[in-house]
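Engineer: For reference, the sequence and a predicted model appear below.
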Amino acid sequence: MAESRDRELVQAIRAELAAIDPPRACCRAAERSGLGGAARGQARSPAVARLAVRLADGAHGEGSAAPDDFDWDEARGHCRHAWLRGRFLAAGSLSLGARGAHLELVVPAAEGEELRRRLESAGFGFSVRLRRGRTVLTSKRTETILSFLRSCGAGASVLEIESRLVMRQLQGHLNRVLNAETANLERTVASSARQLALIEQLQADGRLGQLSPLDRSIARARIDAPEASFTELAANLGVSRAMVQRAFGRMESVASTAGPTDE
């Protein structure tokens, strides 16, 4: 169920970005350039294909550049964002999961270094590797991915991702707390069982009365509250936790020595 929701959210992000209609002619040309081959009938999805048609229709009579012709260094910020949006829609993939987000841009090997430079100049650090003759630019940093998507124009979808990631972090924290509490409880129960067996042994041997008054009171407190932790026993008796721990250490020492023998 969670995986299905994640896939639906990724689809919603792509749909949201593909539905953006740049108001400036320069941004329309920039996004069309970012689409690359997708602007020439090679779109991977109907939404991107429709976007390419809209941008092409809006480019008539505007002297727009060819799809792959874009001067990044001379372009303004809004045009850069439009170009990156087009590049993501044409060559990007996004996955969301329990371990976080993963964004990739897969482009021809010849374009890889230039795309990395453009992303870096826009403030987005991506790792680069070759895969089956193509360049793959990857980011697994949630902050970088969300910032990139926001710069491309995603709004509501990014908020949904952030909300989902926060919920997962809270759930993960809660699970860790519960696991730690369960482990502590299990250790307390196991320790208490050993101590009760120890006290029973000392009683059977008649050596419980040989203990000091403090140790005997701690032994009685353990019998009365078998589920209590050392801290709780100490609080009930008005002593320190260390004194309780040392008392059981002395009991173990007494129990480990040879008991009385019958004549």
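Structural biologist: Sure, I can see it.
Engineer: just for the stretch 1-150 of the chain, where's the confidence low?
Structural biologist: Within the stretch 1-150 of the chain, the ranges that satisfy pLDDT under 70 run 1-3, 58-68.
Engineer: just so I have it, where are all the helices in it?
Structural biologist: For the stretch 1-150 of the chain, the helices defined by DSSP state H, counting those that start in this stretch cover 2-18, 25-35, 46-59, 77-91, 109-121, 142-152.
Engineer: correct me, but residue 199 touches residue 207?
Structural biologist: No - counting by Cβ atoms under 8 Å, residue 199 sits too far from residue 207 to count as a contact (10.5 Å). C-beta coordinates here come from the backbone N, C-alpha and C atoms, glycine included.
Engineer: if I pick residue 12, what's in contact with it?
Structural biologist: 157, 160 (Cβ atoms under 8 Å, 6 or more residues apart in numbering).
Engineer: separation between it and residue 135?
Structural biologist: Going from residue 12 to residue 135 by Cβ to Cβ, to the nearest Å gives 27 Å.
Engineer: For residue 134, which non-adjacent residue is closest in space?
Structural biologist: Spatial nearest neighbour of residue 134, excluding adjacent residues (Cβ to Cβ, 6 or more residues apart in numbering): residue 106 at 5.5 Å.
Engineer: cool, and residue 115?
Structural biologist: In space, residue 115 is closest to residue 107, 5.7 Å off (Cβ to Cβ, 6+ apart).
Engineer: ok, the one you found touching residue 91?
Structural biologist: Yes - counting by Cβ under 8 Å, residue 107 touches residue 91, with 5.2 Å between them.
Engineer: For these two, list the residues in contact with both.
Structural biologist: Common neighbours of residue 107 and residue 91 (Cβ under 8 Å, 6+ apart) do not exist.
Engineer: out of the two, which sits in the busier spot?
Structural biologist: For residue 107 versus residue 91, neighbours defined as other Cβ atoms under 10 Å are more numerous around residue 91 (24 against 19).
Engineer: Now do the same contact list for the more buried one.
Structural biologist: Residue 91 makes contact with 36, 105-107, according to Cβ under 8 Å, 6+ apart.
Engineer: now the strands for the stretch 101-250 of the chain?
Structural biologist: Ranges of strands in the stretch 101-250 of the chain, per DSSP state E, counting those that start in this stretch, are 127-131, 134-139.
Engineer: Quick one: buried ones out of the contacts of residue 91?
Structural biologist: Buried members of the contacts of residue 91, scored by 16 or more other Cβ atoms under 10 Å, are 36, 105-107.
Engineer: Turn these into JSON lines, columns for distance to residue 86.
Structural biologist: Formatted as JSON lines, the buried ones among the contacts of residue 91 follow (distance: Cβ to Cβ, whole Å):
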{"residue": "36", "distance to residue 86": "8"}
{"residue": "105", "distance to residue 86": "12"}
{"residue": "106", "distance to residue 86": "15"}
{"residue": "107", "distance to residue 86": "12"}
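Engineer: Can you tell me which of those comes closest to residue 180?
Structural biologist: Of all those, residue 180 sits closest to residue 105, with 40.0 Å by Cβ to Cβ.
Engineer: and the gap between the closest residue in space to that closest one that isn't next to it in sequence and residue 30?
Structural biologist: Excluding the flanking residues, the one nearest residue 105 by Cβ to Cβ, 6+ apart is residue 137, at 4.4 Å. Applying Cβ to Cβ, the value for residue 137 to residue 30 is 19 Å.
Engineer: Among those two, which residue is more densely surrounded?
Structural biologist: Per other Cβ under 10 Å, whichever of residue 137 and residue 30 has more neighbours is residue 30, with 29 against 24.
Engineer: quick one, what contacts that one?
Structural biologist: Per Cβ under 8 Å, 6+ apart, neighbours of residue 30: 22, 70, 75, 79-80, 82-83, 86.
Engineer: Distance of the residue nearest to residue 126 when sequence neighbours are not counted relative to residue 78?
Structural biologist: Computed as Cβ to Cβ, 6+ apart, the closest residue to residue 126 that is not its neighbour in sequence is residue 137, at 4.1 Å. For residue 137, the distance to residue 78 equals 22 Å [Cβ to Cβ].
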